[in-house]
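S.K.: prediction below, plus the sequence it came from.
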Amino acid sequence: MRIDPPTLAHLQAWIGKTERYQDTVTIAPYRALSASLDRKDPDPINGVFLPELWHWLYFLPHAKQSEIGPDGHPKLGGFLPPVPLPRRMWAGGRLRWEQDLVIGDAMERVSTIKSVTHKSGRSGDLLFVLVEHQIHNAKGLALTEEHDIVYRAAASPDEKAPDPTPAPSNAKWSKIIQPDPVLLFRYSALTFNGHRIHYDRSYVTQEEGYPGLIVHGPLIATLLVDLVRQSNLGKKLKRFEFRAVRPTFDIHSMQVNASPDLAVDPSGKTLSVWAQDHEGWLTMQAKAELV
């Protein structure tokens with residue numbers, strides 16, 4: 001289906017729509033993600049720091065089974081606009097921390113649809129939805145996140161992938177990761193993400209035309225931040241922004257990288273962070289600012 005002007009106007013009526021969720025930073029998701037990432041974190045007791053991006057383990061969607069569409073996502077409508085394009089991806093985001101979240105925190109997330117934008121690409125219509133999330137704890141605003149969602153038309157047999165971009169070669173810290181199906185399944189389970197492209201090989205290859213299971217964008221971003229944590233810089237994130245460039249599949253290894261961007265910030269508190277595939281092509285580009 002094409003996104004014609006009346007359809008776009010209808011979808012843009014969702015701009016300004018809000019929803020509120022309450023949740024608590026509990027122990028079990030923390031422990032499970034720590035194990036999945038092979039980390040040796042402190043015992044998860046009340047007051048322990050929740051690592052950056054691990055807030056994605058909370059405020060999870062709970063659509064009823066009868067409300068799930070054929071791709072594993074909730075059916076169209078509800079908080080997000082009913083975009084009539086079948087492929088939905090997490091394209092990137094920008095986050096700013098005002099204070100720590102810790103285990104035991106009672107939280108409230110206020111989400112607002114900020115924009116609905118249409119573009120035409122080489123593969124057809126693209127629709128971008130920008131959602132802002134603000135997370136508060138007892139001390140006030142803790143985190144502001146802008147979440148970019150892109151919707152695309154179904155793949156066509158003659159669709160060609162965009163030309164790849166070589167990854168930078170100046171990494172100071174790097175780690176090779178095998179994103180096997182078990183890791184993808186565990187992350188899907190932890191985030192209650194039913195999207196079949198991450199665990200259903202027959203669906204993702206036969207219905208969506210990809211060569212393998214797709215590694216979650218948020219998982220790659222989490223692995224990038226985890227590399228920064230493991231680099232023992234002794235600092236926390238103030239800001240983090242990331243953009244998905246190219247899909248990553250489970251059939252090959254991937255690599256996460258980081259390096260101080262001294263040209264931008266001689267103090268070394270601003271980092272260039274990126275992921276690349278087994279051929280050295282850039283798959284995710286990010287920037288981290290430390291405090």
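M.R.: It's in.
S.K.: burial of Ser259, as a residue count?
M.R.: 17 (other Cβ atoms under 10 Å). For every residue, glycine as well, the C-beta is placed using N, CA and C.
S.K.: check which helix or strand it maps to.
M.R.: strand 254-260 (DSSP states H and E).
S.K.: packing partners of the next helix-or-strand element following that strand?
M.R.: Toward the C-terminus, strand 254-260 is succeeded by strand 270-277 as the next helix or strand (DSSP H and E). With contacts taken as 3 or more Cβ pairs under 8 Å, 6 or more residues apart in numbering; DSSP states H and E, strand 270-277 sits against helix 217-230, strand 254-260, strand 282-290.
S.K.: now these as CSV including mean pLDDT and distance to Ser123?
M.R.: Formatted as CSV, those follow (pLDDT from 0 to 100; distance: least, Cβ to Cβ, whole Å):
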stretch, mean pLDDT, distance to Ser123
helix 217-230, 95, 18
strand 254-260, 97, 24
strand 282-290, 97, 18
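S.K.: relative to Arg122, which of the ones you listed is closest?
M.R.: strand 282-290 (18.7 Å; Cβ to Cβ).
S.K.: give me the phi and psi for the closest residue to His252 other than its chain neighbours.
M.R.: In space, His252 comes closest to His278 once its chain neighbours are excluded; the distance is 4.0 Å by Cβ to Cβ, 6 or more residues apart in numbering. Dihedral pair for His278: phi -70, psi -20, per degrees, to the nearest 10.
S.K.: do I have it right that His278 meets Phe249?
M.R.: No. Judged on Cβ atoms under 8 Å, His278 makes no contact with Phe249 at a distance of 9.5 Å.
S.K.: among the helices and strands packed on strand 270-277, which is nearest Thr144?
M.R.: strand 282-290 (13.9 Å).
S.K.: list the helices and strands that closest one packs on?
M.R.: Strand 282-290 packs on helix 217-230, strand 237-244, strand 270-277, going by 3+ Cβ pairs under 8 Å, 6+ apart.
S.K.: His278 and Phe249: who's more crowded?
M.R.: Phe249 (17 against 13).
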